[in-house]
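[1] Fold the following for me, if possible:
(chains A and B)
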Amino acid sequence: MSDHKIIFTGPVGAGKSTAIRSLSDIAPVSTDERASDITRHRKDQTTVAMDYGVLKLDGGETVHLYGTPGQERFDFMWDILTHGGIGLILLINNARPAPFSDLHFFLSAFDRFIDRTALAIGVTQTDMAHRPTLEDYYRELPAKFINTPIFEVDARERHDVVILVESLLFSLDQCLEA
Amino acid sequence: MTGMIMKQTPQETGISGADPVRISLKGIEGLGRKSISFLLSMQKTRRYEVVDEHPDAITIIDIDDFRGLEAWNKIKSNPGQSRNPVILLGLEPMEVKQDIALRKPFRPDDILGAIERLLERVSGQAANETIEPEEEAEPSSLATDRRMPDKRKALSSSAASSLNDRELHAFVGSATDVDLDDARALASVQYSPDDFLAWQLNRLMETAVREQKYLRLGCCDAEFYIDPFQKRVHTLTGERSLRSLGALPLGHENLSTRKLSELPEELRTEGQHHSWESFIWRMALASSRGRLPEGTDLDQRFILRRWPNLTRLMLFPHATRISAAWVAGPRSIREILEQLSLPQRHVFAFFSAAMATGYLKAVDSTNQSQDSRTSTPGTNRRRGLFRRLLKTLYRKQGDNQA
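    Reported below is the predicted structural model:
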């Protein structure tokens, strides 16, 4: 039986764990632990290994939902993690001090994977920080990402996360019939 | 609004709940009467009863008929007497205040929209008289810019929620596909955008931005304040009335605009403010109801400047799919229809909303290089998997396919 995966990435506090929880058919396996470095100032707990959830499709197939660790010191895992992945969901926390830096960091880190697959970006915490706007994000994106879907997202809302995944799939295959 | 209705609850008016909505037709006889009666009898969302006279009836008057004109003159001759508002049908433009005028020719949906709007006025006024203040304001399902965290969740989920059947009819219509090469058939799925609220507001926003002034639009009994600085629309009008206003052709004589140096105080404290994008998107859908703006060239290629913020806009079936196709490269309406094999009304509704909000732009056919995006639809060897994945997501969502 084939297994497939969607990768969720983004900086600390962007909502990766929450988004996976919103979609997963199982109680997500989260390896949140008490952070021992600078992220401790932002969250009491942060993901130092990875989040894992599952979507069970009709017919027994499984789509694995992986959330990358929020700390850059685990980036050696990312290449392994993305192998065979369907696409990348990048969550950006708009309330962080430099969201565009985060954006560029993750685009660069996953550049090869995005080239092979597709990308959808969810901007979270827009209720806490109104700017930058989505228009600003589009202006900031490198030209090759011009078709990328970017939405305001509340990771707690399953519907928002579904639209992200949906846009990812339709970006990969425009003739896909739902 | 008349005192008679204002002092009644919705139940007392006999036009809500299980009671039928009573409709009195004046000056409408023969085939016209049969047509309207048939139209009303076909409605599943409300039960109508055509009556000769009833104190709570909504009266529809054809003033081009002498009996209708007589009935209208009789109503007007007693200006002090409280009465229900009426729907006037006529060949010439009419100036009305508390009533609704429909200029012939009109479509069945126009009549239904007018009735709906009067019902909402009545129930809204009745609610003002009988319901606690906290319940007066209708909860808006538009995404708003109120950023209070406790409101955020409800707003988010409602804004992104898929449409139920009734809303789907109101915003995407129910028209069947037509032969696009048949001019008459095509005309039946077109509307004049200048007659509708979304497009009026759009033009006013351009003025407001250019002149850096707030603008007030008075429209029938509603007021809209355009804020070019925050890109918002402020209004005290409830969501259901907004839907009706968005769907009805507006008599230009009923519109008034005024420039303001600042917003009225009560709007800052009580009014709803909507993000420009979500408001215009929704109002444009209401005006379109699955139709195309008049004069749209089916072979003109368009492209989405960027993805619409679909999590905060009124989402309807296939909107995500259409977005993906139109963001990938320049395509005409015909090409989109051919590529996606969707009911025309969904593509037409999307086109209307995306044009009104400025997401879609025309591409100069002589200069295709202005946009480097490919026009070749992408496919994927994992299509079967994607389809199963979408099916699973929709099933668990319990939604219409988006």
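
[2] Give me the three-state assignment for the residue nearest the centre of chain B.
    Geometric centre of chain B, nearest residue: B:A286, 2.1 Å, by C-alpha atoms, centre = their mean. The three-state assignment at B:A286 reads helix, by DSSP: H, G, I helix; E, B strand; the rest coil.

[3] which residues of the chain score low on pLDDT?
    Using chain A. Counting by pLDDT under 70, chain A has low-confidence residues at A:1-2, A:30-49, A:70-76, A:178.

[4] my bad, the chain I had in mind was chain B
    Ranges of chain B meeting pLDDT under 70: B:1-18, B:31, B:44, B:79-82, B:121-170, B:270-271, B:366-379, B:397-402.

[5] rewinding a little: OK, contacts around the residue nearest to the centre of chain B?
    When contacts are counted by C-beta atoms under 8 Å, 6 or more residues apart in numbering or on different chains, B:A286 touches B:170-171, B:196-198, B:242-243, B:246-247. Every residue, glycine included, has its C-beta placed from N, CA and C.

[6] now swap in A:L88 and tell me
    A:6-9, A:82, A:110, A:113-114, A:117-120, A:168.

[7] in its sheet, what does the host helix or strand of it sit against?
    Assigning secondary structure by DSSP states H and E places A:L88 in strand A:85-93. With DSSP bridges as the test, strand A:85-93 is paired with strand A:3-9 (parallel), strand A:119-124 (parallel).

[8] A:R158 against A:I20, yeah?
    No - the pair A:R158 / A:I20 is not scored as a contact, 11.1 Å apart, by C-beta atoms under 8 Å.

[9] Of these two, give the one with the bigger neighbour count.
    Counted by other C-beta atoms under 10 Å in any protein chain shown, A:R158 and A:I20 do not tie: A:I20 has more neighbours, with 27 against 18.

[10] Now that one: closest residue in space that isn't a chain neighbour?
    Excluding its sequence neighbours, the residue lying closest to A:I20 (C-beta to C-beta, 6 or more residues apart in numbering or on different chains) is A:G53, at 4.1 Å.

[11] isn't there a helix covering that neighbour?
    No - counting by three-state DSSP, A:G53 falls outside a helix, being strand.

[12] Distance of it relative to A:T62?
    11 Å (C-beta to C-beta, to the nearest Å).

[13] of those two, who's got more company?
    Between A:G53 and A:T62, counting by other C-beta under 10 Å, A:G53 is the more crowded of the two (24 against 15).

[14] What residues does the more buried one make contact with?
    Neighbours of A:G53 in contact, by C-beta under 8 Å, 6+ apart: A:20-21, A:23-26, A:28-29, A:64-65, A:67.

[15] Now which of these would you call buried?
    Using 16 or more other C-beta atoms under 10 Å in any protein chain shown as the burial test, those include A:20-21, A:23-24, A:28, A:64-65, A:67 as buried.

[16] Out of those residues, which sit inside helices?
    A:20-21, A:23 (DSSP state H).

[17] one step back: kindly give a single PyMOL line that selects the buried subset of the contacts of B:A286.
    To isolate in PyMOL the members of the contacts of B:A286 that are buried, counting by 16+ other C-beta under 10 Å, one can use:
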select buried, chain B and resi 170+171+196+197+198+242+243+246+247
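
[18] quick one: which of the contacts of B:A286 is nearest B:L88?
    Among the contacts of B:A286, B:A247 lies closest to B:L88 (C-beta to C-beta), at 17.6 Å.

[19] The closest one is in contact with B:S287, isn't it?
    Yes - counting by C-beta under 8 Å, B:A247 does reach B:S287; the two are 6.4 Å apart.

[20] still on that earlier bit, which residues are contacting the very next helix or strand once past the strand holding A:L88?
    Where DSSP H and E defines the elements, the next helix or strand beyond strand A:85-93 is helix A:99-109. Contact with helix A:99-109 is made by A:9-11, A:14, A:72, A:75, A:78, A:90, A:92-93, A:96, A:114, A:119, A:121, A:123, A:132, A:137, A:140-142, A:145, as judged by C-beta under 8 Å, 6+ apart.

[21] Packing partners of the helix or strand following helix A:99-109?
    Using DSSP H and E, the next helix or strand after helix A:99-109 towards the C-terminus is helix A:111-116. Using 3 or more C-beta pairs under 8 Å, 6 or more residues apart in numbering or on different chains; DSSP states H and E, the elements in contact with helix A:111-116 are strand A:85-93.

[22] Just give the nearest non-adjacent residue to B:P308, would you?
    In space, B:P308 comes closest to B:Y359 once its chain neighbours are excluded; the distance is 5.3 Å by C-beta to C-beta, 6+ apart.

[23] tell me, how many neighbours does that neighbour end up with?
    Other residues near B:Y359 number 23, with proximity taken as other C-beta under 10 Å.

[24] Would you agree it is in contact with B:N309?
    No - using C-beta under 8 Å, B:Y359 makes no contact with B:N309, being 9.5 Å away.

[25] residues of whatever helix or strand B:K259 lives in that come out buried?
    In this assignment (DSSP H and E), B:K259 forms part of strand B:255-260. By 16+ other C-beta under 10 Å, the buried positions in strand B:255-260 come out as B:T257.
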